[in-house]
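*Asks:* Return atomic coordinates for the entry below.
(one chain, ligands or ions: 2)
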Amino acid sequence: MAIRDILTVPDPLLKQVSKPVDAVDEALRALMDDMLETMYAAPGIGLAAIQIGVPQRVIVMDLARGDEERAPRYFVNPEITWRSEETQPYEEGCLSVPEIYDEVERPARVKLRYLDYNGQPVEEEAEGVFAVCIQHEMDHLDGVLFIDHLSRLKRERAVQKVKKAAKAA
Ligand code: K2U
Ligand code: ZN
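*Replies:* Ligands and ions are numbered 1, 2, ... in the order given. Coordinates of the predicted model:
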């Protein structure tokens with residue numbers, strides 16, 4: 001396993017639409033292992049493959065809180081098959097837009113269909129932080145960042161702030 005570099009704005013790769021996975025094989029599992037190790041090290045609770053520069057439709061997640069046992073989740077070729085009309089606001093952040101946080105309104109509940117770590121099909125419903133995180137990560141698979149849901153002024157200020165911080169580092 002390896003900790004990979006996480007791309008940050010304004011890297012144009014982050015706007016790329018990721019491609020479906022052809023086969024859940026050993027190579028893909030090695031990628032998911034690297035993604036998970038990278039996410040834990042960040043730290044974060046979710047990560048999309050494009051964030052480490054791999055344009056494949058793969059997401060990893062772990063919603064376990066600080067003192068809880070780790071509960072890694074893997075989503076290959078995830079699809080949202082239903083969205084609630086009810087929405088909820090959530091203060092989001094993103095490992096690709098460091099130190100920027102703002103409120104995004106998203107459907108409160110979604111139904112998912114995806115392949116798991118072993119390529120087995122799964123269908124489930126997400127709510128709460130799980131619903132927020134999976135929609136945030138699936139946006140990444142379509143080249144969309146959470147700042148794209150904000151006003152143009154807020155988005156431009158966020159990118160400038162990240163660029164300035166990267167220059168100073
Ligand atoms: O895509 C990412 O950069 C991973 C996000 C996932 C996320 C975004 C918004 C709301 C929930 C999850 C990172 O995990 S953001 C950093 C973070 C870390 C701990 C808890 C919440 C957010
Ligand atoms: Zn993100």
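*Asks:* How many neighbouring residues does the residue of the chain at minimum distance from ligand 1 have?
*Replies:* Using Cβ to the nearest ligand atom, the closest approach of the chain to ligand 1 is made by G44 at 3.0 Å. For every residue, glycine as well, the C-beta is placed using N, CA and C. Number of residues near G44 (other Cβ atoms under 10 Å) recorded here: 18.
*Asks:* Disregarding residues adjacent in the polypeptide, which is nearest to it?
*Replies:* Spatially, and ignoring its direct neighbours in sequence, G44 is nearest to L95 (5.0 Å; Cβ to Cβ, 6 or more residues apart in numbering).
*Asks:* SS state for the residue of the chain closest to ligand 1?
*Replies:* coil (DSSP: H, G, I helix; E, B strand; the rest coil).
*Asks:* helix or strand for D33, which one?
*Replies:* Per DSSP states H and E, D33 falls inside helix 26-41.
*Asks:* so what pLDDT did E68 get?
*Replies:* For E68, the pLDDT comes out at 95.
*Asks:* Not counting its neighbours along the chain, what's nearest A41?
*Replies:* Excluding the flanking residues, the one nearest A41 by Cβ to Cβ, 6+ apart is I3, at 4.9 Å.
*Asks:* Please work out how many residues are found near A27.
*Replies:* A27 has 8 nearby residues by other Cβ under 10 Å.
*Asks:* Many thanks, have a good one.
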